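> Using only what follows, build the 3D model:
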Amino acid sequence: MSKTRLDRIDAAILSALQNNARITNRELAGMVGLAPSSCLDRVRRLTENGVLTGYRATIDPQQVGIGLQALVAVQLAKHSRDLVEGFRAHLRTLTEVISIYHMGGENDFLVHVAVRDANHLRDLALDAFTTREEVSHIQTSLVYEHLRAQVWPNYAVIN
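Numbering: from 1, shown residues only. Okay, the predicted model is just below:
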């Protein structure tokens, strides 16, 4: 997949939408200095080119019963494509999984999970990770605070 070339207006649109995806097209157009019809065309082009891939709502984890988050570092026993893809597919079925990072280095996967409490985390580790034959080792680290960048850096802007 080739990288989409973006100009400063595209970058401004992306930045504004990442900060507030519910902004109206008219407000967005005013922020980036375009007519609403031109702004809408740009947003459509960014979507069609796969730059904008979706919109999300951000929630307060505690308000939905999440009392604990953790990162589970996973080492696989073997590294065949089938085992890696099978384990990744398994992770995608777990409702507790927030993010999956397939990595190089000492650990093969880093999995961000959200659970009700410590007992739920223990059960998840035992039932969903250590019972898998492709897993040789896990290490669980508690997350005290999870902060996320509001806006992705944009290295594709042409000057």
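> helix or strand right after the helix or strand containing Leu91?
Counting by DSSP states H and E, the element that carries Leu91 is helix 81-92. Heading C-terminal from helix 81-92, the first helix or strand you meet, by DSSP H and E, is strand 97-102.
> Tell me the strands beside that following strand, with direction?
strand 109-115 (antiparallel) (DSSP bridges).
> what comes into contact with the strand it pairs with?
Strand 109-115 is touched from outside by 61, 66-74, 76, 87-88, 91, 94, 96-103, 121, 124, 143, 146, with contacts defined as C-beta atoms under 8 Å, 6 or more residues apart in numbering. C-beta coordinates here come from the backbone N, C-alpha and C atoms, glycine included.
> Buried subset of these, written for PyMOL?
Selection of the buried residues among the contacts of strand 109-115 in PyMOL, burial being defined by 16 or more other C-beta atoms under 10 Å:
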select buried, resi 66+68+69+70+71+72+73+74+76+87+91+96+97+98+100+121+124
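> Quick check: chain neighbours aside, which residue is closest to the residue of the chain positioned farthest from its centre?
The C-alpha centroid of the chain is most remote from Ala35, which lies 32.0 Å away (C-alpha atoms, centre = their mean). Beyond its immediate neighbours in the sequence, the residue positioned closest to Ala35 (C-beta to C-beta, 6 or more residues apart in numbering) is Ala29, lying 6.3 Å away.
> who's in contact with that neighbour?
Taking C-beta under 8 Å, 6+ apart, we find Ala29 in contact with 35-36, 38-40.
> hmm, try it at 10 Å
With contacts defined as C-beta atoms under 10 Å, 6 or more residues apart in numbering, the neighbours of Ala29 are 13, 23, 35-40, 42-43.
> And for Val151?
11, 14-19.
> what does Arg22 give?
Listed by C-beta under 10 Å, 6+ apart, the contact partners of Arg22 are 55, 57.
> residue ranges with poor pLDDT in the protein?
Residue ranges of the chain with pLDDT under 70: 1-2, 156-159.
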